[in-house]
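J.: need the 3D shape of this:
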Amino acid sequence: MSTQLTHVAAPEGLAPSPQFSHVVWGTGRFVAVSGQLALDAAGEVVGVGDAAAQARQVFANIGRCLAAAGAGFEDVVKLTYFVTDMAHMPAIRAARDAAFDGLPLPASSAVQVSALVRPGLLVEIEAFALTPEDRSIPEDPHTT
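T.: Below you'll find the model as predicted:
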């Protein structure tokens, strides 16, 4: 069974947005990626004070999580951004656009928060994806 995603940029009565799809639906295996932070493999904050560097790290981490589920950015149907300052959104969108590399953009929401879990973090992003049910999932010795 393959997955087919449908992106609706502008349902009737809504203005289109170049930043996201208003609606995305499809079928397949559901993948939820917890909010990812700008942390490296050692758990250290990457890009303190630099929203662009943090966003690139966050999308790299999301990519690693998706790959662990046999998914990629082409399978993402929804992103939720948690940012400490909405002024960071242009840098975050640039990192998103690089990660999606011309793919249709998913549905999304952005929320400004007063703080994230650790000092120095500026952005957290969670993702939801749908993959074909028959797509293989890489073996991971850490899977329970």
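J.: beta partners for Val83?
T.: Val83 has these beta-bridge partners by DSSP bridges: Gln112, Val123.
J.: roughly how far apart are it and Ser17?
T.: Going from Val83 to Ser17 by CB to CB, to the nearest Å gives 18 Å. The way it works is simple: take the backbone N, C-alpha and C, and place the C-beta from them, glycine included.
J.: also Ala32?
T.: With the distance defined as CB to CB, Ala32 ends up 24 Å from Ser17.
J.: then Ile92?
T.: For Ile92, the distance to Ser17 - CB to CB - is 15 Å.
J.: which one of the two has more residues nearby?
T.: Ile92 (24 against 12; other CB atoms under 10 Å).
J.: residues near the closest residue in space to the more buried one that isn't next to it in sequence, how many?
T.: What sits nearest to Ile92 in space, not counting adjacent residues and going by CB to CB, 6 or more residues apart in numbering, is Ala55, at 4.4 Å. Residues lying near Ala55 (other CB under 10 Å) number 28.
J.: three-state assignment of Ala55?
T.: Three-state assignment for Ala55 (DSSP: H, G, I helix; E, B strand; the rest coil): helix.
J.: can I take it that Asp97 is in a helix?
T.: Yes - applying three-state DSSP, one finds Asp97 inside a helix.
J.: what is the neighbour count of it?
T.: So Asp97, with other CB under 10 Å, has 14 neighbours.
J.: show the pLDDT at the residue nearest to Ile92.
T.: If you check Ala55, the pLDDT there is 98.
J.: ok, Pro141 next?
T.: On the pLDDT scale, Pro141 gets 57.
J.: for Gly43, same thing?
T.: As predicted, Gly43 sits at a pLDDT of 94.
J.: then Val31?
T.: 94.
J.: contacts for the helix or strand where it lies next, please.
T.: Using DSSP states H and E, the element containing Val31 is strand 29-36. Counting contacts by CB atoms under 8 Å, 6 or more residues apart in numbering, the residues outside strand 29-36 that touch it are 58, 61-62, 65-66, 69, 71, 75, 80, 82, 124-133, 135.
J.: out of those residues, which are buried?
T.: Among the contacts of strand 29-36, those scoring as buried are 58, 61-62, 65-66, 69, 71, 75, 82, 124-132 (criterion: 16 or more other CB atoms under 10 Å).
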